[in-house]
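Chemist: Here is my input; please provide its structure:
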Amino acid sequence: MNKYSLIAVLFVLSALLFACNFNPGKPHDNNTDTAAVAGHLKSDQTAGNDSMQLNPDLTPAESESVIEVVPLSPQANLENQLPQGEGAPMRKEGIHFASLGKYSEAIQAFNESLKREPNNADTWFYRAKAKADMKDYTGAEADYKKAIELKSDVPAYYYYRGEMRAVQKKYDAALADFDQTISLQPTYADAINYKGVVLANKGDHQTAITFYDQAIEKKPDFALAYYNKATSLAAQKQFAEAEQDFNEALRIQPAYNEALINRGNVRFMLNKYAEAIGDYSKAIEATPDNGDIYYNRAFSYQRLQQPEKACADWLKAEQLGHPAAAGMLKQFCGSGK
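Modeler: Alright, predicted model coming up:
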C-alpha cells in the first residue's frame, strides 16, 4: 500500500458506520437524548449509547393515559407540567437516576413505579431505555414490547427501540422501527437521519444520502445529518462534496470536533494540506490526547515537505498509543520501535 494511502484508509474506516456508540463527539440534539452519528457508532454511538440525559422535570401534567407523547419525543412541550398518577414520583426519581448514569438505581425506581401503575406505558419505556444503556438488550427488548403493547402510537418508543437494535447490528429490525416512527410522525428528523445511518452501515451510501437530505429538509440546522451525509459522500470518494457538508455541520456547530477531524481528512484527499493542518490543529486544541489527529496531521506536514513537524506528530501519536505511529517513525524518521 502506498504510504500516502494510509490516511485515506483511516478516513474511510472512520466514515463507515457503527462505531455505534453513538457517542464520540457527536453534537447533542436538544430534542432527544441520543442521536445517531455516522462514523461514530461503535457498538459500545453513539454509538452503545450515551448515558441517558433525561430532564427529570419532563413529566406529563395530566393522567398518563391521555398523554400522547413522552418527554423524549420531539416537540414535546412538557417542561412546565407536573407529574400525576401514583407511580409518578418513582418514575421521576428513575429518570433522575438515569440522567446521572445510575441505571441500577433508575431501574429499581421504575420497578417501584410499575408496582403502583403496572399499565403505565411510559414507565415501561423508560425502564427499557435504562436497560438498553446497561446493555441488557434482552430485558430492554421485553420492556419496549410491553410499552408498545400498552400504547402503540408513540413514535419515540419505536425510535429508541430502533436505535437499540441498530447498536446490536439488527439492521432490518431497526429499519422497521424507524419506518414505523416516521409513519407516526413524518417530521421526526432523528428517525429519518438514523435510517440513513443504518442504510450506510449496510453499504448503501447513496440511499442513505437521500435520507440525510430529507432529515435536513425537516430540520435545516441538523448538524449531525450534514456530518453523516459527508461521511457517506466521502465513502464514495466524493471528497469535494463531503467537504461542503462538513462545512455546513461546522457552520451550525463550530465546536463539532469530529467534523473538524474528518474535514481535515477530506481536505488531505483534496491535496489541501495547509487547510487540513488547520483543521487538525483546531481539533487538537479541543482533544489534545487524541493520537489519531497527530498521526493524520503528520501526513499533511510530510506532503508540505516539513519532515521535522511530521516526525514530531508521529512521535506524539506513538506516545498517545497510536498503533501505526511507530512504523511511520521507523520508516520516515529513523526512530521508533
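
Chemist: Only C-alpha atoms from now on, for both contacts and neighbour counts.
Modeler: Fine.

Chemist: Work out for me the element residue 193 sits within.
Modeler: helix 189-201 (DSSP states H and E).

Chemist: Next SSE downstream of that helix?
Modeler: Later in the chain than helix 189-201, the nearest helix or strand by DSSP H and E is helix 205-218.

Chemist: Residue 304 and residue 275, how far apart?
Modeler: 11 Å (CA to CA, to the nearest Å).

Chemist: hmm, I was thinking of residue 197
Modeler: For residue 197 relative to residue 275 (CA to CA), the value is 28 Å.

Chemist: How about residue 160?
Modeler: 38 Å.

Chemist: Those two: who's more crowded?
Modeler: Each of residue 160 and residue 275 has its neighbours counted (other CA atoms under 10 Å); residue 160 has more, 26 against 15.

Chemist: could you list every residue that touches that one?
Modeler: Listed by CA atoms under 8 Å, 6 or more residues apart in numbering, the contact partners of residue 160 are residue 129.

Chemist: Could you say which helix or strand holds it?
Modeler: With DSSP H and E as the test, residue 160 turns up in helix 155-167.

Chemist: Please put the alpha-carbon coordinates of the helix or strand that that helix is followed by into CSV.
Modeler: Per DSSP H and E, the first helix or strand lying C-terminal to helix 155-167 is helix 171-184. In CSV, the C-alpha atoms belonging to helix 171-184 read as follows (Å, rounded to 0.1, in the frame of the first residue of the first chain):
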residue,chain,number,x,y,z
TYR,A,171,-30.3,-3.5,10.9
ASP,A,172,-33.5,-4.8,9.3
ALA,A,173,-35.4,-4.7,12.6
ALA,A,174,-34.0,-1.2,13.3
LEU,A,175,-35.2,0.0,9.9
ALA,A,176,-38.7,-1.4,10.5
ASP,A,177,-38.8,0.6,13.8
PHE,A,178,-37.6,3.8,12.1
ASP,A,179,-40.1,3.3,9.4
GLN,A,180,-42.9,3.0,12.0
THR,A,181,-41.6,6.1,13.8
ILE,A,182,-41.7,8.1,10.6
SER,A,183,-45.2,6.8,9.7
LEU,A,184,-46.5,8.0,13.0
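
Chemist: Next one: the residue lying closest to residue 250 once chain neighbours are set aside relative to residue 227, how far apart?
Modeler: Take residue 250 and drop its neighbours on the chain: the residue closest to it by CA to CA, 6 or more residues apart in numbering is residue 256, 6.2 Å away. Distance, residue 256 to residue 227, by CA to CA: 9 Å.

Chemist: For these two, list the residues in contact with both.
Modeler: Taking CA under 8 Å, 6+ apart as the criterion, residue 256 and residue 227 both touch residue 249.

Chemist: Of these two, give the one with the bigger neighbour count.
Modeler: residue 227 (32 against 22).

Chemist: ok so, going back, what is the helix holding residue 193 packed up against?
Modeler: Packing contacts for helix 189-201, counted by 3 or more CA pairs under 8 Å, 6 or more residues apart in numbering; DSSP states H and E, involve helix 155-167, helix 171-184, helix 205-218, helix 223-235.

Chemist: Let me know the angle separating that helix from helix 205-218.
Modeler: Orientation of helix 189-201 against helix 205-218 (axes from the mean of the first three to the mean of the last three CA atoms, to 10 degrees) gives an angle of 170 degrees.

Chemist: now the angle from helix 189-201 to helix 171-184?
Modeler: Using the same axes, to 10 degrees: helix 189-201 against helix 171-184 is 150 degrees.

Chemist: Figure out how far helix 189-201 is from the centre of its chain.
Modeler: Here helix 189-201 is found 11 Å from its chain centre; the criterion is CA atoms, centre = their mean, to the nearest Å.

Chemist: What of stretch 314-331?
Modeler: For stretch 314-331, the distance to the chain centre is 28 Å (CA atoms, centre = their mean).

Chemist: Other residues contacting it?
Modeler: In contact with stretch 314-331 (CA under 8 Å, 6+ apart) are residues 289-295, 298, 311, 335-337.

Chemist: Let's see which of these end up in strands.
Modeler: Among the contacts of stretch 314-331, DSSP state E puts none in strands.
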